[in-house]
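# Need a 3D model of the sequence below.
(one chain, ligands or ions: 1)
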Amino acid sequence: MKKEIIDRFTSYVKVDTQSDESSETTPSTPGQWTLLHMLEEELKAIGMQDIQLDENGYLMATLPANTTKDVPVIGFLAHVDTATDFTGKNVQPQIIENYDGSDIVLNEALSVVLSPNDFPELAQYKNHTLITTDGTTLLGADNKAGVAEIMTAMHYLLRHPEIKHGKIRVAFTPDEEIGKGPHKFDVAAFNAKFAYTVDGGPLGELQYESFNAAGAQLTIRGKNVHPGSAKGKMIHSAKIAMEFQHQLPADEAPEYTEGYEGFYHLLSIEGDVEKTEMHYIIRDHDKEKFQERKEFFTQAVKNLQEKYGAERVSLELNDQYYNMKEKIEPVREVVDIAHEAMSSLGITPIVEPIRGGTDGSQLSYMGLPTPNIFTGGENFHGRFEYVSVDNMEKAVQVIVEIAKLFEEKA
Ligand SMILES: [Zn+2]
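Sure, this is the predicted structure:
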């Protein structure tokens, strides 16, 4: 199976599918169409049914049930786009067989080295087959490892009709990295009771708690006057911006928090005397604390409005996604079965809250409870990204096992 996984994965990563926040189209970039069309052909070739690629680049297919039992329809999802943080153009995957635990020179000329000194978790991958970059691009294991795993699992089930399962739906989706993954996802057409995104990192990851998330844009308008005659007249917008930041608790920021600790994060600040713009994100797993954070933030704006005038400071605050836990806990079996699938394969499930969101955070609120499982990848979104083929194989087995368990328990 390893060769099959390597062939699929390396062919997918060679297609540049980097998404683009500034684009108005869905998918945001034409490269995503290229890969989606490739996957559409492949779904046909392996014998999947009801293959549909809609006008927004959502590719869905069915593996029909091969049991008479009444099994809930489950789905598996992965996204075809890659991160905006780093280039995904001309990816040249390097295959390292039987990794010996030493430094991996990704690029001799540019002296880019993937070293256990910087990435101690590499020690766990001794004797694994690894796929890395050539040091000049990201790899795109996020999330093409998930695409390859779902495809390989479906192909395996099609070749092994003795493994009984209910109806399984798969979907390959665009633009996850720009937060738009689920925006045009047709939940009714997908028509599954539960789904899993195969979009996690290292072996064993099983996630069903995400942040509650909001984004805020602050615009501060000052008044510029010649510095020589500014006394009592100049209003300095950048200094008001600094005053705003100082109202927020300094230690409630990403660089000081972990686990279930929420934060305010200043994403960007740009300004001068006349005008300053600040972008923030607000995150908390807890619904009430999330609400309190938004109120605290809004109050900090009001304080400045009282001091400098309401017209000087304006705030736009919008919710982005919510903690999927609320929608998944009532259907706990979706997590329990994934847990059992991993355990029965000798994989220790790592159940930890995501300090971020997944497509599942939005899908769960659209009526499709969707936890997230591992792909086997590490260091997503940069040149040090790599994936263990051995753990990709385990992800394939987990998908097969989940399908089996739903049938057995029906
Ligand atoms: Zn991803």
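# which residues sit in contact with the residue in the stretch 301-410 of the chain positioned nearest to the ion?
Nearest residue of the stretch 301-410 of the chain to the ion: residue 380, at 6.8 Å (C-beta to the ion). Every C-beta, even on glycine, is put in place using the N, C-alpha and C of the backbone. Counting by C-beta atoms under 8 Å, 6 or more residues apart in numbering, residue 380 touches 83, 138, 141-142, 201.
# hmm, 10 Å instead?
82-83, 85-86, 138-143, 145, 177, 199-201, 386-387 (C-beta atoms under 10 Å, 6 or more residues apart in numbering).
# Run a quick neighbour tally on the residue in the stretch 151-300 of the chain that the ion sits nearest to.
Residue nearest to the ion within the stretch 151-300 of the chain (C-beta to the ion): residue 199, separated by 4.3 Å. By other C-beta atoms under 10 Å, 27 other residues sit near residue 199.
# Kindly report the same for the one 4 residues further on.
Close neighbours of residue 203, defined as other C-beta under 10 Å, add up to 23.
# Quick one: residues contacting it.
Shown in contact with residue 203 (C-beta under 10 Å, 6+ apart): 124-125, 342, 347-350, 374-376, 378, 388, 390-392, 394-395, 398.
# Residue 287 contacts residue 326, correct?
Yes. Between residue 287 and residue 326 there is a contact under C-beta atoms under 10 Å: 7.3 Å.
# what helix or strand does the residue of the stretch 301-410 of the chain closest to the ion sit in?
Using DSSP states H and E, residue 380 falls within no helix or strand.
# Okay, the residue of the stretch 151-300 of the chain closest to the ion and residue 228: tell me how far apart.
Remark: distance between residue 199 and residue 228 (C-beta to C-beta, to the nearest Å) = 58 Å.
# Nearest spatial neighbour of residue 85, chain-adjacent residues omitted?
Leaving out its chain neighbours, the residue that sits closest to residue 85 by C-beta to C-beta, 6 or more residues apart in numbering is residue 381, at 4.5 Å.
# the helices in the stretch 1-150 of the chain, which residues?
Along the stretch 1-150 of the chain, the segments classed as helices by DSSP state H, counting those that start in this stretch run 2-13, 30-46, 141-159.
# who does the first one touch, helix- and strand-wise?
Packing partners of helix 2-13 (3 or more C-beta pairs under 10 Å, 6 or more residues apart in numbering; DSSP states H and E): helix 30-46, strand 94-96, strand 130-132, helix 141-159, strand 386-388, helix 389-409.
# Let's have these in a markdown table, adding mean pLDDT.
Below are the helices and strands packed on helix 2-13 laid out as a markdown table (pLDDT from 0 to 100):
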| stretch | mean pLDDT |
| --- | --- |
| helix 30-46 | 98 |
| strand 94-96 | 97 |
| strand 130-132 | 98 |
| helix 141-159 | 98 |
| strand 386-388 | 98 |
| helix 389-409 | 98 |
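# TSV please, covering these and showing mean neighbour count and distance to the ion.
Listed next are the helices and strands packed on helix 2-13 as TSV, based on neighbours: other C-beta atoms under 10 Å; distance: least, C-beta to the ion, whole Å:
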stretch	mean neighbour count	distance to the ion
helix 30-46	18	14
strand 94-96	15	21
strand 130-132	24	16
helix 141-159	25	4
strand 386-388	28	12
helix 389-409	22	14
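# I'd like these as a markdown table, with distance to residue 189 appended.
As requested, the helices and strands packed on helix 2-13 are exported to a markdown table (distance: least, C-beta to C-beta, whole Å):
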| stretch | distance to residue 189 |
| --- | --- |
| helix 30-46 | 16 |
| strand 94-96 | 37 |
| strand 130-132 | 33 |
| helix 141-159 | 18 |
| strand 386-388 | 31 |
| helix 389-409 | 21 |
